[in-house]
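Trainee: With the sequence up front, the predicted model follows.
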Amino acid sequence: MIDSEIKEVLAKCYASTKVTAKVLFPERFFRHFSGLHDEIFRVIDDDRIQKAVIAAPRGFGKTSIINLAYPAKKILFREKKFIVNISNTATQAIMQSENLKRELLSNPYVVELFGPMKSDMFSKEQWVTASGTMVLPRGSGQQVRGILFENSRPDLIICDDLEDSEGVKNEEQRKKLKEWFFADVLNSVDRAKKSWKVVVIGTLLHEDSLLANLLEDSSWHRTMLSLCDDDYKSNWEDFMSTEEVKALAEQYREQGLLDVFYREYRNMAISTEDAVFRSTYFKYADEAELSKDPDIENVVIVDPAKTVKAHSAESAIICWGINLKTGMLHQRDLVARRMHPDEIVNEALNMCTVWRARVLGIEVTSLDEFIVYPVKNEIVRRGMNVELIELKARAKKEDRIAQLVPFYRRGMVTHNKANCSQLEAQLLSFPRSKRFDCMDAAAYIVEMLELGDRYFFPATGSVKEEYDELLKNEYVDIMPVLDEHAELNWRLI
């Protein structure tokens, strides 16, 4: 390339770590970046952001970005004087430091465009480039406070995967790491200046990890990235297709490790030691078989949000199949998103039609005028034979959801694999879930059962036989009439 073309390319590299990665390190960054990667690049390239925490899923290439492309750009364009890269162990930090050093020394594009980088101080423990930047690798817990290079304190601190899966399980180790980070790492910079930056990046391993705590700290610029959305749709098709993501999630589900999938690939903090709902509790039914069972009674429950503003909770609509004979609750359908009132009504009644549900339960606390009349009006307009049950929030949502625990622990609940992902994610995170809409709607099944006097009968024994005989002799003849003509009464039938 002629000089003008070189200058243009270098100008673009100087302005963007993403361009630097593609131009100078094409062998490492051979895949197309996704929109999620663009968010990482935006955060690290914005010098107005001094404290940034980023949660990224496994296999996302975050280490290559944060430990190679990013510091290389800062070194080559002489933007930083003193870089400290910190990993869980000193060995890991040195390894990342050596990879960066090797690229600066042997990468043909770097050598051709920027010249030799080696100086007289180039050891594994610390090294200085020919352009005058010090690089110091450190493991978590090692000395960083009070260190100087010439007259400079660290002006770029990169923390990548400070925690490991074993250490993060120990409360004392979590506390020790947190104290070291806030006391030593953050106090190693010169706070009188505005040129320093601290970037913490990793994968969420525990709900009380350092990464989780920083993600809840409003003084930090927080970025959370996920491999997929709630329905397992891939956010990076070039890395893993939607079908591959679903297959991966299914593998973890079959092993009873769905909580691990959510932590490693979705950055969702899920407790394992004191989890209320565990992935081992989740069972799945064959919908084709359930559809043939005449003993299943389907009901639809709606938990509407009060608004559809971006910061509001989402509305959730769930269909439960109740089988009193087998003592089972089958989650059959689920819709959860931000919806306007007319959309809630439409989705709820459509679900009643699809699953032939004759009963619709709706939480009406503070929402009577907002939701009850539109639903009743639409039921009449459509000519549907659906009974509307008004559900009152009789306790805190955490207490309502906790009522589901015995049902799950006893194996009395099944999920529909086709649409249960949002519900399972929230249950696994309970009670620290970011969202409660799906499991709150699900929990109203307990109140529905009570209002309708639905009680489970044992699968075998004299009680079941008496119950079957009662239905046969006294009620079986009138049920078709009720189904076709009469208005149902959930509290009586």
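Mentor: Done, it's in.

Trainee: So for the one helix or strand residue 103 maps to, mean pLDDT?
Mentor: In this structure, residue 103 sits in helix 90-106 according to DSSP states H and E. What helix 90-106 shows for mean pLDDT is 95.

Trainee: how about the very next helix or strand once past that helix: buried residues?
Mentor: Next along the chain after helix 90-106, taking DSSP H and E as the criterion, comes helix 108-114. Residues 110, 114 are the ones in helix 108-114 that count as buried (16 or more other C-beta atoms under 10 Å). Where you see a C-beta, it was placed from the backbone N, CA and C, and this is true even at glycine.

Trainee: helices and strands around helix 108-114, which ones?
Mentor: If you count contacts as 3 or more C-beta pairs under 8 Å, 6 or more residues apart in numbering; DSSP states H and E, helix 108-114 packs onto helix 17-24, helix 70-76, helix 90-106.

Trainee: next helix or strand past it?
Mentor: By DSSP H and E, the next helix or strand past helix 108-114 is strand 127-128.

Trainee: Could you list every helix and strand that that following strand packs against?
Mentor: On a contact count with 3+ C-beta pairs under 8 Å, 6+ apart, strand 127-128 meets strand 134-139.

Trainee: quick one: strands adjacent to the strand it packs on?
Mentor: When pairing is defined by DSSP bridges, strand 134-139 lines up against strand 82-87 (parallel), strand 127-128 (antiparallel).

Trainee: Just the buried residues of that strand, please?
Mentor: By neighbour count on 16+ other C-beta under 10 Å, the buried set for strand 134-139 is 134-138.

Trainee: just those residues now: which is nearest residue 245?
Mentor: For the buried residues of strand 134-139, the closest approach to residue 245 (C-beta to C-beta) belongs to residue 137, at 34.0 Å.

Trainee: For that closest one, give me its contacts.
Mentor: Residue 137 makes contacts with 84-87, 90, 93-94, 96-97, 124-126, as judged by C-beta atoms under 8 Å, 6 or more residues apart in numbering.

Trainee: Put together JSON lines for those residues, with neighbour count and distance to residue 30 on each row.
Mentor: Listed next are those as JSON lines, based on neighbours: other C-beta atoms under 10 Å; distance: C-beta to C-beta, whole Å:
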{"residue": "84", "neighbour count": "25", "distance to residue 30": "29"}
{"residue": "85", "neighbour count": "24", "distance to residue 30": "23"}
{"residue": "86", "neighbour count": "26", "distance to residue 30": "27"}
{"residue": "87", "neighbour count": "25", "distance to residue 30": "24"}
{"residue": "90", "neighbour count": "17", "distance to residue 30": "30"}
{"residue": "93", "neighbour count": "24", "distance to residue 30": "25"}
{"residue": "94", "neighbour count": "19", "distance to residue 30": "26"}
{"residue": "96", "neighbour count": "23", "distance to residue 30": "20"}
{"residue": "97", "neighbour count": "23", "distance to residue 30": "23"}
{"residue": "124", "neighbour count": "12", "distance to residue 30": "28"}
{"residue": "125", "neighbour count": "10", "distance to residue 30": "32"}
{"residue": "126", "neighbour count": "17", "distance to residue 30": "31"}
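
Trainee: Looking at the helices and strands packed on helix 108-114, which is nearest to residue 239?
Mentor: Of all the helices and strands packed on helix 108-114, helix 17-24 comes closest under C-beta to C-beta, at 15.3 Å.

Trainee: chain center to whichever helix or strand comes after that closest one, what's the gap?
Mentor: Using DSSP H and E, the helix or strand that follows helix 17-24 towards the C-terminus is helix 35-45. Put simply, helix 35-45 sits 18 Å off its chain's centre (C-alpha atoms, centre = their mean, to the nearest Å).

Trainee: by contact count, what packs against helix 35-45?
Mentor: Partner elements for helix 35-45 (3+ C-beta pairs under 8 Å, 6+ apart): helix 17-24, strand 51-55, strand 197-202, strand 221-224.

Trainee: Name every strand pairing with the third one and say which way it goes.
Mentor: Spelled out, that is strand 197-202. strand 51-55 (parallel), strand 156-160 (parallel).

Trainee: Run through who's touching the first one.
Mentor: With C-beta under 8 Å, 6+ apart as the test, strand 51-55 has contacts from 40, 43-44, 62, 197-204, 211, 214-215, 217, 219-225, 267.

Trainee: now the following helix or strand past it: mean pLDDT?
Mentor: Toward the C-terminus, strand 51-55 is succeeded by helix 62-64 as the next helix or strand (DSSP H and E). Helix 62-64 shows an average pLDDT of 93 in the prediction.

Trainee: what residues does helix 62-64 touch?
Mentor: Under the contact criterion C-beta under 8 Å, 6+ apart, helix 62-64 has outside partners 21, 28-29, 40, 54, 56, 96, 160-161, 201.

Trainee: okay but residue 363 is in contact with residue 389, surely?
Mentor: No: using C-beta atoms under 8 Å, residue 363 is not in contact with residue 389, being 10.3 Å away.

Trainee: of the two, who's got more company?
Mentor: residue 363 (23 against 19; other C-beta atoms under 10 Å).
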